[in-house]
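In: Please work out how this folds:
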Amino acid sequence: MVRYVFRSERLYYLAADPALAERTAAFYHRNRSAFAPFDPVQPEEFFTAEGQRERLEWDMGQAEEGRCFRFLLVRPRQPGKIVGLAGLNEIVRGAFQSCFLSYKVDHTLWGQGYGSEAIGAVTGWGFRTLGLHRVEANIMPRNLASRRAAEKAGFWEEGLSRHYLQINGRWEDHLHLVRLNEEDMDGRT
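Out: Numbers count the residues shown, from 1 in each chain. This next block holds a predicted model:
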């Protein structure tokens, strides 16, 4: 049985689990055209239950190693429908204690504050549970809604990375945003 790891005001956060493959594939299929301008080009199998099962198995392995934690978002009144994803990726320990943030929200919920809620909740979980010092997000300058969501969740801009990621078949500039764990500013671990 799949259970949520934590919750925020309007969302439950489920740990990546292959049992959620069909629902995750449905989420990506439903949002495919909405996400296309902001995502890397994916092979067709990515949008299938089997493709998602493989990805979710990989995510579970990464979580077991402490390298990446990806959560599937559901609303309490619709626990069977995935409405978003949020992840803390490429976790680096040692003196860095940092990672990269990823997030997506169902296009039918855009503009309703779900993005900033998910960003804030996952970032807070990373600070409290994983002891992270820094969470970084990279967002295309033209993705104004995503930038606003991250800023609303306490992220601020550090700079521009030119031709940073290949998105929709094209190398795109990305703004580099960051949020620091304010409770960890004295340097103790």
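
In: how about the residue lying closest to residue 62 once chain neighbours are set aside, what does it touch?
Out: Leaving aside its chain neighbours, residue 62 sits nearest to residue 68 (3.8 Å; criterion: CB to CB, 6 or more residues apart in numbering). Bear in mind the C-beta positions are built from the backbone N, C-alpha and C, glycine included. Residue 68 makes contacts with 59, 62, 87, 88, 89, 90, 91, 99, as judged by CB atoms under 8 Å, 6 or more residues apart in numbering.

In: I'd like to know which of those are buried.
Out: 59, 62, 87, 88, 91, 99 (16 or more other CB atoms under 10 Å).

In: In helices only, show me these.
Out: 59, 62 (DSSP state H).

In: Could you export the buried ones among the contacts of residue 68 to CSV, including columns for distance to residue 14?
Out: Shown next, in CSV, are the buried ones among the contacts of residue 68 (distance: CB to CB, whole Å):
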residue, distance to residue 14
59, 11
62, 16
87, 12
88, 15
91, 19
99, 19
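
In: Longest strand in this structure, please.
Out: strand 78-92 (DSSP state E).

In: Tell me which strands it pairs with, and in which orientation.
Out: Under the criterion DSSP bridges, strand 78-92 sits next to strand 69-75 (antiparallel), strand 98-105 (antiparallel) in its sheet.

In: which residues of the chain score low on pLDDT?
Out: 1-2, 185-189 (pLDDT under 70).

In: The protein: strands as residue ranges?
Out: Using DSSP E, strands in the chain cover 4-7, 12-15, 69-75, 78-92, 98-105, 134-139, 156-167, 170-180.

In: Check those strands for me and report the most buried one.
Out: Ranked by mean neighbour count, those are led by strand 69-75 with a mean of 23 (mean count of other CB atoms under 10 Å).

In: Identify the residues contacting that strand?
Out: So strand 69-75 is contacted by 4-5, 10-17, 20, 23-24, 27, 59, 62-63, 80-89, 91, 102, 105, 114, 118, 122, 126, 130 (CB under 8 Å, 6+ apart).
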